[in-house]
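J.: Got a predicted structure plus its sequence, pasted below:
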Amino acid sequence: MDDRLAVLEARLRELEEDREIRELLARYGYYADAPLDEEYFRLFTEDCVMDVSVGCGENPYEVVRWEGLAEMRRFLGERTSQHDNGFQGRSFHVQGNNLAIKITGDDAVATGYSFILHQDGPTLRLLSASINEWAFRRDDGHWKIQMRKRRMAGAPDAKEVLRAAE
Amino acid sequence: MDDRLAVLEARLRELEEDREIRELLARYGYYADAPLDEEYFRLFTEDCVMDVSVGCGENPYEVVRWEGLAEMRRFLGERTSQHDNGFQGRSFHVQGNNLAIKITGDDAVATGYSFILHQDGPTLRLLSASINEWAFRRDDGHWKIQMRKRRMAGAPDAKEVLRAAE
Amino acid sequence: MDDRLAVLEARLRELEEDREIRELLARYGYYADAPLDEEYFRLFTEDCVMDVSVGCGENPYEVVRWEGLAEMRRFLGERTSQHDNGFQGRSFHVQGNNLAIKITGDDAVATGYSFILHQDGPTLRLLSASINEWAFRRDDGHWKIQMRKRRMAGAPDAKEVLRAAE
C-alpha cells in the first residue's frame, strides 16, 4: 500500500511540475511585456545562459551567447534603450506553443515555439517566431530558467533543438 | 494513510480543475467562432462582468463594462450585427496562450493572452491581441466565467492584470 | 482503501494521457517543421485518415481525404516537392491552441486550432488557420494519430468539428 502511494505521489508531483514550468514560461512573457524587470530576472538562475540566433542582418543564424545574470542585465538594458520608441509595454512574448517538457529530478528540459507580437498604435505586428530549447533547475523548491537556446526556423541545429526534450 | 490519501486527492483535484478551466477557455473560443450563442452564454455565471479596453478610437485604453448575462446578450447582439459582413463564422478566438491559473476552493483566477484572427476570403488577418484577467466560479460542479478583464498592451493597469493569478 | 487508490490511479492516468496527447501534437509540429519525415510518420496509426479542407481555389471548403500511411507518404512527398523553394525547414506548425481532449479507454478525441507560419527570409507570414478534430488510439502503450479532420473557418461542418470532444 505504501509503495502504491509513493508511486502515485511521484507521478502526481511530475504533473504538478509540468504545470509549474508551463506557468513559469507564461510569467516570462508577462514580465518581459509588463515590463517588470526585477520579477523577470528572478525567473533565472545566477548561472543562466542565453544562446540565441540574432535573427537579422547578413547571417540571421549567427548565435550570440551571454552567461550569468549580470551579463543578461547588461544585454537587456541595451535592448530596452533600443526599443524605447513604443516597444516597451506594447509587446506580447508568447512562449508556450507546441510545448514538450521532460523532468528528471531537479532538472527539466522543454522545447517549444515562441512568438513576439507588437502593438504599434492601431497596428498589430507579428515580429518573430522561434524554436526553443529551455533548461530549468529546481532551486529552493522553485523552478528557474538555467538556459535558453532560441533559433530561427532553418537554423543548422534546428533538429537537435526540437528533439531536446525526448 | 487516510491523511496521505486525502492530500493526494486534493492535489489531483487541483490539476483536474486546472485542465477544466483550460478547456473552458478553449470552448469560449469555439462557441464564439462556430458561432453557438446559447452554448457561449452558458459558460458564464448570471452575475458575470465584462470589463474591456475598447481597443480603437481616440482612447483605445478606455474601458467599457457590462454586468450580468442580460447586458452581455444585448451587447453581443449589437456586435454580431456590426460584424455581419463575413466576420461571423470566420473568426478564431484564441484564448489560452501564456496561461496561469490560481485555484482557491470554488473560485479561480487566470491570466493569459488572447488573439483574434479573421479569415477574410483567402486572406487571414491577425486582428487583435490582448492581455486578460479571468475570474471563475464553480457552480453545481462546473466552472463558469464570472469576470473577464481584457486590456490592450500598454494599458495603465497592465501590470496588475498580468499579476492577478500570482 | 484499495478502491480509493484505484480511483486515484485512474484519474491520474487520465491527466497523464492528456499531457501525452498534448506533447504528441507538439511533436507533430516539430517533425513537420524540422523536417523529420520518418519520425513524423511514426506518429500515425497504419490505418490513419486525413480529411482536410483544401483551403484554396474555387471551393476552399472542398474536402480531400486520404487513407492509410502509404497514401499519406505519397501525398506528403508531392506536397514537399511543391514547397521546395524555401518552405521546407522554414515553417511553424502550431497545433495546440484552444485544445480540448476527451479520453475514453484506448481512444481519444481532441479539438483545437492550428496555424501555419512561414519564415520567408526576413519576413514572417501567417499562412493559414484551421479548426481541427483529431482521433487518437493507444497502441502498445503510446498514443498515435488515427484521424485528423481539418477545416477552414466557416466550413459547413464547423460546429460538429468544434464539438467533437464534448
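T.: Here it is on my side, so go on.
J.: ok, and for stretch A:156-166, which residues are buried?
T.: Neighbour counts over stretch A:156-166 (16 or more other Cβ atoms under 10 Å in any protein chain shown) mark A:158-159, A:161-165 as buried. (C-beta placed from N, C-alpha, C; glycine too.)
J.: ok, so of these, who is nearest residue A:13?
T.: Using Cβ to Cβ, residue A:165 comes nearest to residue A:13 of these, at 18.1 Å.
J.: dump the residue contacts of the closest one.
T.: By Cβ atoms under 8 Å, 6 or more residues apart in numbering or on different chains, the contact list for residue A:165 reads A:100-102, A:109-111, A:133.
J.: so how far is residue A:100 from it?
T.: In this view, residue A:165 and residue A:100 are 5 Å apart by Cβ to Cβ, to the nearest Å.
J.: Mind checking if stretch A:25-43 is in reach of chain C?
T.: No - applying Cβ under 8 Å from any Cβ of the partner chain, one finds stretch A:25-43 separated from chain C by no less than 13.2 Å.
J.: First residue to last residue on that stretch, what's the distance there?
T.: Taking Cα to Cα, to the nearest Å, stretch A:25-43 runs 9 Å from one end to the other.
J.: quick revisit: out of the contacts of residue A:165, which touch chain C?
T.: Among the contacts of residue A:165, the ones lying near chain C by Cβ under 8 Å from any Cβ are A:100-101, A:111.
J.: And the average pLDDT for the helix or strand residue A:133 falls within is what?
T.: Assigned by DSSP states H and E, residue A:133 belongs to strand A:123-139. The average pLDDT for strand A:123-139 rounds to 96.
J.: Near chain B, which residues of chain A are found?
T.: Residues of chain A found near chain B (Cβ under 8 Å from any Cβ) are A:1, A:5, A:8-9, A:12, A:15-16, A:19, A:22-23, A:25-27, A:29-31, A:33-34, A:36, A:89-97, A:117, A:119, A:122, A:124, A:126.
J.: out of the residues you listed, which are buried?
T.: Among the residues of chain A next to chain B, those classed as buried by 16+ other Cβ under 10 Å are A:5, A:8, A:12, A:15, A:19, A:22-23, A:25-27, A:29-31, A:33-34, A:36, A:90-97, A:117, A:119, A:124, A:126.
J.: Now, those residues that are in helices?
T.: If you go by DSSP state H, those have A:5, A:8, A:12, A:15, A:19, A:22-23, A:25-27, A:29-31, A:33 in helices.
J.: possible to save the residues you listed as a markdown table with distance to residue B:75 and pLDDT?
T.: Output for those, formatted as a markdown table (distance: Cβ to Cβ, whole Å; pLDDT from 0 to 100):
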| residue | distance to residue B:75 | pLDDT |
| --- | --- | --- |
| A:5 | 51 | 93 |
| A:8 | 47 | 95 |
| A:12 | 42 | 98 |
| A:15 | 39 | 98 |
| A:19 | 34 | 98 |
| A:22 | 33 | 98 |
| A:23 | 32 | 98 |
| A:25 | 34 | 98 |
| A:26 | 29 | 98 |
| A:27 | 32 | 98 |
| A:29 | 29 | 97 |
| A:30 | 28 | 98 |
| A:31 | 33 | 97 |
| A:33 | 28 | 96 |
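J.: for these, which one is nearest residue A:66?
T.: Of all those, residue A:66 sits closest to residue A:31, with 18.1 Å by Cβ to Cβ.
J.: My guess is the closest one contacts residue A:44. True?
T.: No - with contact defined as Cβ atoms under 8 Å, residue A:31 does not count as touching residue A:44 (10.8 Å).
J.: separation between residue A:21 and chain C?
T.: To chain C, residue A:21 is 12 Å away according to Cβ to the nearest Cβ, to the nearest Å.
J.: Run through the residues that contact that residue.
T.: Neighbours of residue A:21 in contact, by Cβ under 8 Å, 6+ apart: A:101, A:103, A:108, A:110, A:136, A:143.
J.: Quick one: the strands in chain A, in order.
T.: A:44-53, A:63-67, A:91-104, A:107-120, A:123-139, A:142-151 (DSSP state E).
J.: Convert the helix or strand of chain A with the lowest mean pLDDT to CSV, retaining C-alpha atoms only.
T.: Ranked by mean pLDDT, DSSP states H and E, the weakest helix or strand in chain A is helix A:69-82, scoring a mean of 79. Only the C-alpha atoms of helix A:69-82 are listed here, as CSV (Å, rounded to 0.1, in the frame of the first residue of the first chain):
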residue,chain,number,x,y,z
LEU,A,69,22.6,37.2,-14.7
ALA,A,70,25.0,40.2,-14.7
GLU,A,71,25.5,39.9,-18.5
MET,A,72,21.8,39.4,-19.0
ARG,A,73,21.0,42.6,-17.2
ARG,A,74,23.6,44.5,-19.3
PHE,A,75,22.2,43.0,-22.6
LEU,A,76,18.6,43.7,-21.7
GLY,A,77,19.4,47.2,-20.6
GLU,A,78,20.8,47.9,-24.1
ARG,A,79,17.9,46.2,-25.8
THR,A,80,15.4,48.2,-23.8
SER,A,81,17.0,51.5,-24.7
GLN,A,82,16.9,50.5,-28.4
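J.: list the helices and strands that helix packs on?
T.: Based on contacts counted as 3 or more Cβ pairs under 8 Å, 6 or more residues apart in numbering or on different chains; DSSP states H and E, the elements that helix A:69-82 packs against are helix A:37-41, strand A:44-53, strand A:63-67.
J.: Pull up the pairing partners for the longest one, direction included.
T.: Meaning strand A:44-53. strand A:63-67 (antiparallel), strand A:142-151 (parallel) (DSSP bridges).
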